[in-house]
Structures are given as structure tokens and as C-alpha cells.
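In: I'd like to go over a predicted model; first the sequence, then the structure.
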Amino acid sequence: MPESVPLIPGTEAKPAPSGELCLGICRLKDVWVGVPIGALSEVCQINGLSPLLLQASFLCGGIDLRGQLIPVIDMRALCGLPAPSHPASFAVVLRLGDRHMAFLVDQVQGISRVAPEKVQILSEGMRSDQPLCVRQVFIEDGKTVSILDVDQLFALPGVYSAALPPKSQPSSVEDGRTPMLTFTVGGARFCVEASDVYGTVPRQNIDTGALTSGYCLGSISYHQRRVPVLNTVDVLGLGQRDRWAASEVVILRCPDARLIGLAVDGILDIQRIDLRRHAEVPKMIARKTGFLTQVILREDAGQVFVLSVENLTNDPGIRAIAGLTSDPVAVEGREAVRRQGGSRYLLVQAGRTFAIPLEQVTGIIPIPSHLVPCHRPETGVLGYFARAPWSVPLVDLVSLLGRPPGETDMARVLLTGETREQVGFLVEKVFSIETAEWRLEALPLAGGQEEPLVQLKQGSLSLATPVLDLVRLVQQPPLCPVP
């Protein structure tokens, strides 16, 4: 008997905005197929097929699905493609009205939402009156995905389907099950409502950079958009994973058309989960109250934690990170991302790359040759140098920020402030002066801290860099003692 979890009860998923197609994506060897999510009934792992006394070259047999027979076909054979060298591992069960059938697949990748303008219509010339099970295709991340026409598939000659008895028909009202995308990360299993998923991305490298801070691992490119990717373990406070160089990504839709990605170990499938069989989430699990709303207790003693996409994407810190994918968005009464056309920043190296507002820098000088030493390691003050008519403190910016020292061959001193308020900050390197495109006021960091971020235009490239406010550093401890 196949191991199976129903996917979609007899109800349609939430309508996709702007006419988008919501598809379950699966793979048949080297062929990718998109199945309309409303016709997807369930995915089951095949442990064996029962022979049927029916004549069809593409009919593989039947599966015993909770005591009900479901005919299974080989979609590749149906379409005249060569047979695979190894048997398929899974079957996708389709539903049309009260009738069910299944076809073999090697992998269920996840969910994809496709804009209508990206879909191409296929025809067969003089034979276009014949029923075709694929009439539309689209290209995603370099691969062609064929969209299955479920109505036409059920109408093809030789394609057998079975009507389930009325008592076995799934009902979302009767069994309380909801279609959920399940995934694993850090040894824990989570799920989100399938209709809340914008798309899923196979394993790929996460680009690190200035965004790599706090909850944010970096970003990926998805449909020509740069999508920030969260450290799911840190955000949800559950699971354990240290290395994130390559991950699968679940992309969620945020308010105002933003996107946010969750780095995961593996996308399992789309399951229909009984939300009545749940327990309250222990308070110690979730770092952010309300992200995990409940835990599903399975018969095998496993646990599936339910993630509320609404609670996650409405969190001010998460919304601020998601705002990097598009236009400005308000966060708790303030603008999280604001355009800064024309503002200029000085790019420097001080343990990491920073952007310093150019108006705060009154001068850039070599390291002074004469320095009165001062032993104050807690403030980073190295001593005092003469810059007529004032004596100016020299602060090692790398030490002040608590970062390990680096190379000093190209070190420079940045001067800020006027008259006797001048301070010299020693940095490892000065790169260039760049113009800003936008500024994020509060990128959430670990421990509840925040830092601003600016995107700079550097030739044909755009560089997101944390902002360092020298004036603020001078005016707060440890440089400015608390009275």
C-alpha cells in the first residue's frame, strides 16, 4: 500500500492575484510538468503497482489508496517519449469531479506561480482538434515546464479513471484538512499553507554580501528579482544548522508585492494536514511570538510545526528585509526603505565594508607620524595627534566595532567634526565615493539590534552596504562617557 497524504480537499486554493497560475511542479526524469493546484489531490510514494486487465500501452496498473483503486499511467509513454531507465518513486493523484487517476513522477519540487503573460500556447496545426494533455508551457529558471490540461487528460482515449465511493470523497469541512507545503530544516519539520507560497527554488547557492546580517543569510535571484533569504532556524527558533552555503528556498509573498525566502534543507511535498490534531506551541520554541501557531502531532509520533505566513510577513523586522525586493514600505509608522537619489557615501573597509555619509567626513589623511599614545582599549583610542590648532584623538575603528584587525598597508584616517570636537577614525582602506539609490533605515540583526543599509550605484553594479554613522559613534558610549 502506498504511503500517502492527501493534498487538496474538494475545494480550490485561494485565488492567485492578477490571474497568476498556481501550479504544483513535478519532474518526470528530464521533463518538468506543472499541475494546476486545484486538480492536485495528493502525492503518494509507490511501493507496488497492481496489474489491471485493461489494454493501454501507457497504463502501468493501479495503486491501493486507503482501500480504493486508482489507475496509474506513465505520462512519458502517453506522450511518446522514451521510457526512463529506472522506475518512478511517486505518483501524483489528480481529481476531476468525483473521478481520480494518477501518473508517475520522479520528484515533486514544490509550487510555482506564473504570470499569464509568461505562458505560451501550443497547437498542432491541422490536428489541433485532437485532445492534447499539454496546451501551454512556460520557461522558469532555464527549464521548460509543460502545463497539464487536466480536463483533456481525463478525456483522452485509453486513459482510465476511477470514481471513489461518496463516503471516501475528501471534504475539507468534514475532515478539517488544509493543503500545506511541508519542508524540513535543521532537523525539524514545518508547513505553510500552499496558497501562501509564491514559489519554491531547488538547491542553489545563497549570495552573501551586505544583506548577510542577523536573520538574513543573503539573497537569491528569482524571476529577475533579488529576493532576501532568511535564516529559518534563527527566525523560528527551532532546529539546528550551521552551514547555509547551498539550500532549497521557499519563497513567500509579503504585503505590498514583496517577497521573502526561507532557507530549508528540503521541500517534501504538498500535504493536506488535519489542523484539528494539534497542540499549542511551547513558548520556548518560537523566538518571535506568533510565527509558529501550532504543532501537528502525527500518528508516528512525528511533529509538524505550522508557520503562519501572515504573522511572519507582517512582522516589522521581516517586512523591512522583504522591502529590499521592491518599492518603499511603511514599517511601524516610519518608512523602511526610502529613495536617496543623489546622496553620496564614502566606501571604506573597517573589519567589513561600510558606507559612511560623505557629509560627515571633513578630511582623509595618512596615519600621523607623531602620536601621543593612550592606553584605552575599551574605546579604541590609540592616542592624540596634532592638527593645528587642535589636538585630535585617533580612534581605531576596527577595535571600536569589536572586529579583528586586518591589513594596514592602505590604512587612512577619516576626520569628522569641527574645531575641538574633531575625531580621527583609523580605517583599513578607503575605496571610493558612490551615489545612493535607496536607504533601508532598520535591517534587523541578531539580539534585537538594527542597522541601516544603503544601496549604492557602482558603475553598472548595485551594491548594498551597511551604513556607519560616525557622528552617532562620537556622541554615544564608549567614546562619549555617560555622565
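Out: All right, it came through fine.
In: who's in contact with residue 305?
Out: By C-beta atoms under 8 Å, 6 or more residues apart in numbering, the contact set of residue 305 is 188-191, 236, 238, 281, 285, 292, 294-296. Bear in mind the C-beta positions are built from the backbone N, C-alpha and C, glycine included.
In: Give the partner strands of the strand or helix carrying it in its sheet and their orientations.
Out: Taking DSSP states H and E as the criterion, residue 305 maps to strand 303-307. The strands beside strand 303-307 in its sheet (DSSP bridges) come out as strand 188-193 (parallel), strand 292-297 (antiparallel).
In: Please pick the buried ones from the contacts of residue 305.
Out: Using 16 or more other C-beta atoms under 10 Å as the burial test, the contacts of residue 305 include 188-191, 236, 238, 281, 292, 294-296 as buried.
In: Now name the helix or strand holding the spatially most central residue of the chain.
Out: The residue lying closest to the centre of the chain (C-alpha atoms, centre = their mean) is residue 261, at 1.2 Å. For residue 261, the host element (DSSP H and E) is strand 259-264.
In: Centroid-wise, who is the farthest residue in this structure?
Out: Furthest out from the centre of the chain (C-alpha atoms, centre = their mean) sits residue 389, at 55.1 Å.
In: can you tell me how far that residue sits from residue 415?
Out: From residue 389 over to residue 415 the distance is 14 Å, taken as C-beta to C-beta, to the nearest Å.
In: ranges for the strands of the stretch 301-450 of the chain?
Out: Secondary structure of the stretch 301-450 of the chain by DSSP state E, counting those that start in this stretch: the strands cover 303-307, 330-331, 334-335, 337-339, 344-349, 353-357, 363-365, 372-376, 381-387, 390-396, 412-416, 423-427, 429-444, 450-458.
In: Hmm, I typed the wrong one, I wanted the stretch 51-200 of the chain.
Out: So, for the stretch 51-200 of the chain - with DSSP E, counting those that start in this stretch - the strands run 59-65, 68-73, 90-96, 99-105, 107-114, 120-121, 134-140, 143-148, 162-163, 177-185, 188-193, 197-205.
In: Can I get those strands in JSON lines including distance to residue 28 and mean pLDDT?
Out: As requested, these are exported to JSON lines (distance: least, C-beta to C-beta, whole Å; pLDDT from 0 to 100):
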{"stretch": "strand 59-65", "distance to residue 28": "13", "mean pLDDT": "84"}
{"stretch": "strand 68-73", "distance to residue 28": "11", "mean pLDDT": "88"}
{"stretch": "strand 90-96", "distance to residue 28": "10", "mean pLDDT": "86"}
{"stretch": "strand 99-105", "distance to residue 28": "6", "mean pLDDT": "89"}
{"stretch": "strand 107-114", "distance to residue 28": "9", "mean pLDDT": "79"}
{"stretch": "strand 120-121", "distance to residue 28": "20", "mean pLDDT": "87"}
{"stretch": "strand 134-140", "distance to residue 28": "12", "mean pLDDT": "87"}
{"stretch": "strand 143-148", "distance to residue 28": "10", "mean pLDDT": "90"}
{"stretch": "strand 162-163", "distance to residue 28": "22", "mean pLDDT": "86"}
{"stretch": "strand 177-185", "distance to residue 28": "21", "mean pLDDT": "78"}
{"stretch": "strand 188-193", "distance to residue 28": "25", "mean pLDDT": "88"}
{"stretch": "strand 197-205", "distance to residue 28": "16", "mean pLDDT": "78"}
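In: can you put these in a markdown table and add distance to residue 265?
Out: Converted to a markdown table, those look like this (distance: least, C-beta to C-beta, whole Å):
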| stretch | distance to residue 265 |
| --- | --- |
| strand 59-65 | 28 |
| strand 68-73 | 29 |
| strand 90-96 | 19 |
| strand 99-105 | 21 |
| strand 107-114 | 13 |
| strand 120-121 | 34 |
| strand 134-140 | 22 |
| strand 143-148 | 22 |
| strand 162-163 | 36 |
| strand 177-185 | 5 |
| strand 188-193 | 9 |
| strand 197-205 | 9 |
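In: nearest to residue 358, of these?
Out: Minimum separation from residue 358 across these (C-beta to C-beta) falls at strand 197-205, 33.6 Å.
In: Flag every buried residue along stretch 466-477.
Out: Going by neighbour count (16+ other C-beta under 10 Å), the buried part of stretch 466-477 is 466-470, 473-474.
In: and of the residues you listed, the nearest to residue 182?
Out: Nearest member of these to residue 182, counting by C-beta to C-beta, is residue 466, at 35.3 Å.
In: so the closest one touches residue 354, yeah?
Out: Yes: at 5.9 Å, residue 466 counts as touching residue 354 under the criterion of C-beta atoms under 8 Å.
In: which residues does the residue nearest to the centre of the chain bridge with?
Out: residue 229, residue 251.
In: which of the residues in the strand holding residue 305 are buried?
Out: Neighbour-count burial for strand 303-307 [16+ other C-beta under 10 Å]: 304-307.
In: ditto for stretch 22-33
Out: 22-29, 31-33.
In: Then stretch 83-101?
Out: Under the neighbour-count criterion of 16+ other C-beta under 10 Å, stretch 83-101 has 84, 88, 90-95, 100-101 buried.
In: now, the most widely separated pair of these?
Out: Across those (C-beta to C-beta), the longest gap, 25.1 Å, separates 84 and 95.
In: quick revisit: relative to residue 145, which of the buried ones among the contacts of residue 305 is nearest.
Out: Distance to residue 145, by C-beta to C-beta, is smallest for residue 191 among the buried ones among the contacts of residue 305, at 23.9 Å.
In: Now do the closest residue to residue 278 other than its chain neighbours, the pLDDT please.
Out: Distance criterion C-beta to C-beta, 6 or more residues apart in numbering; nearest residue to residue 278, sequence neighbours excluded, is residue 294 at 4.1 Å. Per-residue confidence at residue 294 stands at 86 (pLDDT).
In: and if you look at residue 447?
Out: With respect to pLDDT, residue 447 scores 57.
In: got any ranges where the stretch 151-300 of the chain has weak pLDDT?
Out: 165-178, 209-211, 213, 223-224, 245, 269-272, 274, 276-277, 283-289 (pLDDT under 70).
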